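give me a 3D structure for the following:
(2 chains)
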There are 2 protein chains.
Amino acid sequence: MYYIGIDLGGMSIKAGIVDENGSILSHGKVPTGRERHHSLILEDMAKLCRQLLNDAGLTETDIYSIGVGSPGIPDKKRGVLIRSNNLNFINVPIKDELQKYFNLDVYLDNDANAAALAESIAGASMNTDHSVLITLGTGIGGGVIIDKRIYSGFNDAGSELGHMCIVYGGIQCSCGRKGCFEKYASASALIEQTKEAFAADPDSAIGSVCNYDAEKIDARTAFLARDMGDKTAAKVVDQYVEYLAEGCMNIVNMLFPEVIVIGGGVGNEGENLFEPLRIAMRKRAYTLDVPETKIRGAKMENRAGIVGAAMLGRKI
Amino acid sequence: MYYIGIDLGGMSIKAGIVDENGSILSHGKVPTGRERHHSLILEDMAKLCRQLLNDAGLTETDIYSIGVGSPGIPDKKRGVLIRSNNLNFINVPIKDELQKYFNLDVYLDNDANAAALAESIAGASMNTDHSVLITLGTGIGGGVIIDKRIYSGFNDAGSELGHMCIVYGGIQCSCGRKGCFEKYASASALIEQTKEAFAADPDSAIGSVCNYDAEKIDARTAFLARDMGDKTAAKVVDQYVEYLAEGCMNIVNMLFPEVIVIGGGVGNEGENLFEPLRIAMRKRAYTLDVPETKIRGAKMENRAGIVGAAMLGRKI
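Predicted coordinates:
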């Protein structure tokens, strides 16, 4: 028996057949075509699943359930996507639509939550009860796992970890607040901080890394320039780590997960980032009398979406 | 069948016999005498319980379990209080000690967590699955209830909601961090803010409320002066509400509880505080597409400690 996981994105629909340990047997993808009516998108999702089943020589009776991970706010109980700006979806009945094609249970959740679940079942936080995933990308996405299950509040809209204020009155965020974690510790924020440092110190090695074109500065630039011994870049990295530690420590003091898994572009720095982060977090610990939260890099990478979605229907 | 709850504080030991709905049948208290060896304090806890049983005409066989709520960090599994500065306790085996006197299960938790449980069983967040209690006192204490149970992380040390940074690089906190929520939104913080405003504007009505003695300023002073039409006091209250909203919204975006219960000194302001708080929180909401977290005043008051401790052993 297997699970089907669908990773519904603004650009593409990815789907896979997954076993109960989170291993992908087969997978495929088609373009989302998000300008179309949602019923056409859902029809393509169903077709892709049918195709995968046929290719694997399986039928519906070999499948426990279908799970869908999507950007936006889900109503998990009804299987309705309340709103997804990425997809132009408002109140789309994902579950009912898919059940037109399959006589199977359908589960829906936010894609960041699904990714956190994938890490906890088959990735960096495997074998823990309580963990948190944060992805450092354009913004900061996140998912909270409590007692091996996704926790997202009474209305399914929680674990917006990027929209936690760490700088009162700070940089304006698109969410309406000021000083959100993601305005200081996302990949985009790091790029912005690197650009500012380069503008203030054009002689910095940041220049040679980005070929003296500020538009080519990315989330690795400051780390690379620092590794060349550049002090301006080192300051950028140090400050970035302090911001990241501030947000991570808020997560720790509130939730004390066993592991915070760090994914997204900046997460690829690995120990280059995690070791100074641990030190910056330890400085902020209110107690050292208890085991500390581990910091680990995400492991599931582009499998997280499919596996997490598939595992939505797995009973513990 | 009943439960015994013990509220172990730095000044007094309070205990009560509680039914499964969280109603107190009888209660009593004795001084803690915290300068003594912990075995003597635990002996007094046991004596108090025995006394309450005798007075109620009950025996051990009428009791499901004993619960203890205490300041500090518990190891819940082993029933050991790892550290409590209030009590000078380090690694005190509460459970083993009490089981010398009673052949009953013994449960231990942090007192703020126990209070949150009490509110969720018999108080302001009754009949909800997910709720948070914050107490605005000397600091900000808190407890998180998820799926009707206390959640405090993998090491029992979580839900330190007062030690969430909302002002990067802000006021130094005793926990080692800077800019913690409690340095801006506790009762002590409000008193400090009121004193500063009075020092800057000695003609403010704050003066008449505190009888022109800054040392008499308390957590009500700014609210009272504001209600007299004083602009300086109104600014203090408005700013305080903004800080409080910032921290509460961090709790919402992370956990989206159905209710945030507000207790402690400032919580007594009731709707005078809660209504502007709701407005300040709504301004910060990343979505209004989902039901919002309710803000309610704590109801359990001085019963919270005993009832919460008693309910630690209640099976759901």
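
tell me which element the residue of chain A most remote from its centre is part of?
Within chain A, A:D203 marks the point farthest from the mean C-alpha position, 35.6 Å out by CA atoms, centre = their mean. Counting by DSSP states H and E, no helix or strand carries A:D203.

separation between it and chain B?
As judged by CB to the nearest CB, to the nearest Å, A:D203 and chain B stand 28 Å apart. The C-beta positions use only the backbone N, C-alpha and C, and glycine is treated the same way.

and that residue, what pLDDT?
You'll see A:D203 listed with a pLDDT of 97.

measure stretch A:261-281 end to end?
Stretch A:261-281 has its terminal residues 14 Å apart, counting by CA to CA, to the nearest Å.

disregarding residues adjacent in the polypeptide, which is nearest to A:S125?
Nearest-residue entry for A:S125: A:S131, 3.6 Å, with adjacent residues in sequence omitted and distances by CB to CB, 6 or more residues apart in numbering or on different chains.

how near is the one you found to A:N253?
A:S131 is 16 Å from A:N253, where distance means CB to CB, to the nearest Å.

swap in A:E292?
Per CB to CB, A:E292 is found 12 Å from A:N253.

what are the ranges of the helices in the stretch 151-300 of chain A?
For the stretch 151-300 of chain A, the helices defined by DSSP state H, counting those that start in this stretch cover A:182-185, A:187-200, A:206-209, A:221-227, A:231-255, A:271-282.

list of residues touching the third one?
I take that to be helix A:206-209. By CB atoms under 8 Å, 6 or more residues apart in numbering or on different chains, the surrounding residues in contact with helix A:206-209 are A:194, A:197-198, A:217, A:221-222, A:224-225, A:228, A:230, A:232-233, A:236.

switch to 6 Å and redo it
For helix A:206-209, contacts defined as CB atoms under 6 Å, 6 or more residues apart in numbering or on different chains pick out A:F198, A:T221, A:L224, A:A225, A:A233.

between these, which is nearest chain B?
Chain B lies nearest to A:A233 out of those, by CB to the nearest CB, at 21.2 Å.

which phi and psi does the residue in the stretch 201-316 of chain A that chain B sits nearest to have?
Nearest to chain B, among the residues of the stretch 201-316 of chain A, is A:F256, at 2.5 Å (CB to the nearest CB). The phi/psi pair for A:F256 (degrees, to the nearest 10) reads phi 40, psi 60.

what does the pLDDT read for it?
Note on A:F256: pLDDT of 97.

dump the residue contacts of it.
Counting by CB under 6 Å, 6+ apart, A:F256 makes contact with B:G153, B:N155, B:A157, B:G158.

again, only this time at 8 Å
Residues near A:F256 by CB under 8 Å, 6+ apart: A:H130, A:V290, A:T293, B:S152, B:G153, B:F154, B:N155, B:D156, B:A157, B:G158, B:S159.

could you do A:N85 as well?
Contacts of A:N85 by CB under 8 Å, 6+ apart are A:P71, A:G72.

distance of it from A:C175?
In terms of CB to CB, A:N85 sits 12 Å off from A:C175.

common neighbours of these two, please.
Both A:N85 and A:C175 lack any common contact, where contact means CB under 8 Å, 6+ apart.
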